[in-house]
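K.L.:
Got a predicted structure plus its sequence, pasted below:
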Amino acid sequence: MSWYAATAVVFASVIGMEIFAWAIHKYVMHSKWGWGWHESHHTDTHGPFERNDLYAVCFSVIAAGLFIWGMSWPPAFFIGVGLSVYGLLYAFVHDGLVHQRWPFFVKVRGKYMKRLVQAHRIHHATHGRDGAVSFGFLYAEDVRKLKARLKSKQA
Ligand SMILES: [Zn+2]
Ligand SMILES: [Zn+2]
């Protein structure tokens, strides 16, 4: 594979993962089968680990599988790289900027990053399975729009 193609695959995988993660968050984690793990993240987010982290473990296993598959089919390796890059971005934005789970303080800079953090706080405005808005992790809609939707869902 050329470096050109490899970079394109990595980029496409990161974007694809955001769409995939959005869908999993909305349709699996907030569904009756997925809520058992995800609930911990909406109710008590204190201890160092949450049951919800098991989702991240699942994605790491998938990435490891892609790296192994990549030994015989190179594109799989770069999809695995995309997944890992997404994992790092998720850990930085979600666990670091939004939930401050890192052992040091992470300062939120930039207009877009602030919007992303605010959008995820709005996601956490609901503690139950239903009625939540804003399921993405790297892309967030306009905060005013999200607030309006949250209100209409709670009415
Ligand atoms: Zn959630
Ligand atoms: Zn969260």
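P.N.:
Thanks, I have it. All of these numbers come straight from a predicted model, not from anything done at the bench. Ligands and ions are numbered 1, 2, ... in the order given.
K.L.:
so which strand or helix has the most centrally placed residue in the chain?
P.N.:
In the chain, the C-alpha nearest the mean C-alpha coordinate belongs to Phe137, at 4.3 Å (CA atoms, centre = their mean). Counting by DSSP states H and E, there is no helix or strand that carries Phe137.
K.L.:
so it makes contact with Ala21?
P.N.:
Yes - contact criterion CB atoms under 8 Å: Phe137 and Ala21 qualify, at 5.8 Å. Every residue, glycine included, has its C-beta placed from N, CA and C.
K.L.:
which one's the longest helix in the chain?
P.N.:
Assignment by DSSP state H gives helix 3-24 as the longest helix of the chain.
K.L.:
what's the burial count for Phe78?
P.N.:
Neighbour count for Phe78, taken as other CB atoms under 10 Å: 21.
K.L.:
I figured it hits Ala63, correct?
P.N.:
No - with contact defined as CB under 8 Å, Phe78 does not count as touching Ala63 (11.5 Å).
K.L.:
Tell me where the protein has helices.
P.N.:
Going by DSSP H, the chain shows helices at 3-24, 35-42, 53-69, 74-90, 111-123, 143-154.
K.L.:
For Gly131, find the nearest of these.
P.N.:
Evaluated over those, closeness to Gly131 peaks at helix 143-154, with 4.6 Å, by CB to CB.
K.L.:
And the closest one, what does it pack against?
P.N.:
On a contact count with 3 or more CB pairs under 8 Å, 6 or more residues apart in numbering; DSSP states H and E, helix 143-154 meets helix 111-123.
K.L.:
quick one: the helix it packs on to chain centroid distance?
P.N.:
For helix 111-123, the separation from the chain centroid amounts to 13 Å (computed by CA atoms, centre = their mean, to the nearest Å).
K.L.:
can you give me the angle it makes with helix 35-42?
P.N.:
Interaxial angle of helix 111-123 relative to helix 35-42 (axes from the mean of the first three to the mean of the last three CA atoms, to 10 degrees): 120 degrees.
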